[in-house]
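**Student:** Based on what follows, work out the 3D shape:
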Amino acid sequence: MLGFSERHVPSAEGFPLAAYEHVPSALDPSAPPLVLVNGLGGNLITWRHLLKQVAPHHRIATWDYRGLYASRFDAATRARAARGEVALDPAAHADDALRVLDALGLERAVFVGWSMGVQLNFELAKRARERMVGIIQICGAPGRAIATTMLGRLGLKMIPPAMDLFRATAERHAPWLARIASSSTALSFAKVLGAVAPSLDEVLAAEIVRDYVRLDFDVYNRILMSLGEHDPSDVLPRLDLPVMIVAGTRDPMTPLTLSEQMARKIPGAELVVVEGGTHYLPIEFPDALNDAVARFLGRVRGPDVLPVSNG
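**Tutor:** Below you'll find the model as predicted:
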């Protein structure tokens with residue numbers, strides 16, 4: 001996809017992580033590298049619209065979270081994870097991120113997070129602030145993600161059993177579920193319900209859904225529960241780097257008020273509000289997001305963001 005190469009980077013425990021890198025043919029030394037930090041239910045394809053804008057100019061890196069997508073566990077590792085012997089919490093993902101950056105020879109970059117990626121970016125800021133040129137946070141929570149949906153604390157009671165039911169369904173009926181959930185009828189119904197904006201890119205959404213329903217939902221749910229217990233938000237008032245927060249006005253997973261609170265707590269943070277955007281804003285209003293990202297990247301360009309050579 002757009003000239004990305006794939007490699008496998010060993011985690012601290014030794015299992016492989018799928019990492020992806022793009023280096024443009026004519027790299028501008030003043031253009032900061034970008035690290036794309038995925039949502040829990042997303043991978044490289046979810047960034048397709050943004051990549052069309054930034055790939056010609058920026059070196060880009062990303063990876064699939066441990067146990068998901070191309071970083072899916074083998075049978076032995078999955079059994080260990082089911083017994084709680086493999087860490088799936090944000091600390092483990094942060095360690096994976098830094099290992100990927102080291103393997104690719106990326107010393108500093110702008111970190112672009114979506115959904116879970118927002119929370120993970122704050123964890124990375126606590127651990128490795130020196131690696132960050134800036135942060136772009138899209139439709140995400142600063143911490144304790146399950147309790148910050150529009151359901152509030154009720155989400156702590158409703159979301160876990162709902163995801164357990166979804167896991168059982170996906171395990172038994174993944175091909176059927178993929179066809180139904182990615183159909184134009186299902187996506188149109190989601191628009192009617194207001195779960196997604198009418199401007200949703202249905203072709204890309206269907207592709208994302210087909211990959212999503214084939215995930216290992218035992219691993220997925222364990223990661224999700226760890227997000228509900230993790231809170232790195234104490235780092236917000238201490239962030240001393242450029243930060244942009246992008247939020248939609250109709251996002252039930254991370255309500256606008258949450259983004260407004262984040263922006264107030266982070267010194268100098270910019271808040272960009274996209275009218276009508278839901279949690280899937282990057283594939284609903286790509287032009288608005290791309291414009292905001294372009295403005296932000298224009299402010300953080302400079303010779304001090306040169307990437308380290310990968311040799």
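
**Student:** what mean pLDDT would you report for stretch 222-230?
**Tutor:** Mean pLDDT, stretch 222-230: 93.

**Student:** ok now it, how far from the chain's centre?
**Tutor:** Chain-centre distance of stretch 222-230: 15 Å, with CA atoms, centre = their mean, to the nearest Å.

**Student:** which residues sit against that stretch?
**Tutor:** For stretch 222-230, contacts defined as CB atoms under 8 Å, 6 or more residues apart in numbering pick out 40, 65, 67-68, 81, 88-90, 93, 116, 119, 123, 143-147, 156, 159-160, 163. (Each C-beta comes from the backbone N, C-alpha and C, glycine too.)

**Student:** Using CSV, write out every CA atom in that stretch.
**Tutor:** Presented in CSV, the C-alpha positions along stretch 222-230 are these (Å, rounded to 0.1, in the frame of the first residue of the first chain):
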residue,chain,number,x,y,z
ARG,A,222,-8.2,-8.4,26.9
ILE,A,223,-6.6,-5.4,25.3
LEU,A,224,-9.9,-3.5,25.6
MET,A,225,-10.3,-4.3,29.2
SER,A,226,-6.7,-3.1,29.9
LEU,A,227,-7.5,0.2,28.4
GLY,A,228,-10.4,0.6,30.9
GLU,A,229,-7.9,0.2,33.8
HIS,A,230,-5.1,2.4,32.4
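
**Student:** which parts of it are buried?
**Tutor:** Within stretch 222-230, the residues scored as buried using 16 or more other CB atoms under 10 Å are 222-228, 230.

**Student:** what sits against the residue minimising distance to the centre of the chain?
**Tutor:** Geometric centre of the chain, nearest residue: residue 38, 2.1 Å, by CA atoms, centre = their mean. Neighbouring residues of residue 38 by CB under 8 Å, 6+ apart: 44, 46, 62, 64-65, 114-117.

**Student:** Narrow the residues you listed to those in strands?
**Tutor:** 62, 114 (DSSP state E).

**Student:** now, which of the contacts of residue 38 sits nearest residue 256?
**Tutor:** residue 115 (14.9 Å; CB to CB).

**Student:** from memory the closest one sits against residue 251, does it?
**Tutor:** No - the pair residue 115 and residue 251 does not pass the contact test of CB atoms under 8 Å, sitting 9.8 Å apart.

**Student:** Can you pick out the residue with more neighbours from the two?
**Tutor:** It is residue 115, of residue 115 and residue 251, that has more neighbours when counted by other CB atoms under 10 Å, with 27 against 22.

**Student:** ok, back up a step: in terms of pLDDT, where does the residue nearest to the centre of the chain sit?
**Tutor:** pLDDT, residue 38: 98.

**Student:** Where does pLDDT dip in the stretch 1-150 of the chain?
**Tutor:** Residue ranges of the stretch 1-150 of the chain with pLDDT under 70: 1-2, 150.

**Student:** in it, which spans are helices?
**Tutor:** Assigned by DSSP state H, counting those that start in this stretch, the helices in the stretch 1-150 of the chain fall at 48-54, 75-82, 90-104, 116-128.

**Student:** Single out the most deeply packed of those.
**Tutor:** The highest mean neighbour count among the helices of the stretch 1-150 of the chain, using mean count of other CB atoms under 10 Å, belongs to helix 116-128: a mean of 24.

**Student:** Mind listing residues that contact that helix?
**Tutor:** With CB under 8 Å, 6+ apart as the criterion, helix 116-128 contacts 36-40, 90-91, 93-94, 97-98, 111, 113, 131-132, 135, 137-143, 145, 223, 227, 230, 232-233, 235-236, 239, 254.

**Student:** swap the cut-off to 7 Å and go again
**Tutor:** Helix 116-128 is touched from outside by 37-40, 90, 93-94, 97-98, 111, 113, 132, 135, 137-138, 140-143, 145, 227, 230, 232-233, 235, 239, with contacts defined as CB atoms under 7 Å, 6 or more residues apart in numbering.

**Student:** next one: stretch 267-281
**Tutor:** Defining contact as CB under 7 Å, 6+ apart, one finds that stretch 267-281 is touched by 115, 138-139, 195-197, 200, 239, 243-254, 256, 259-260, 263, 284-285, 288-289, 292.

**Student:** at 6 Å what do you get?
**Tutor:** Contact with stretch 267-281 is made by 139, 196-197, 243-251, 253, 263, 284-285, 288, 292, as judged by CB atoms under 6 Å, 6 or more residues apart in numbering.
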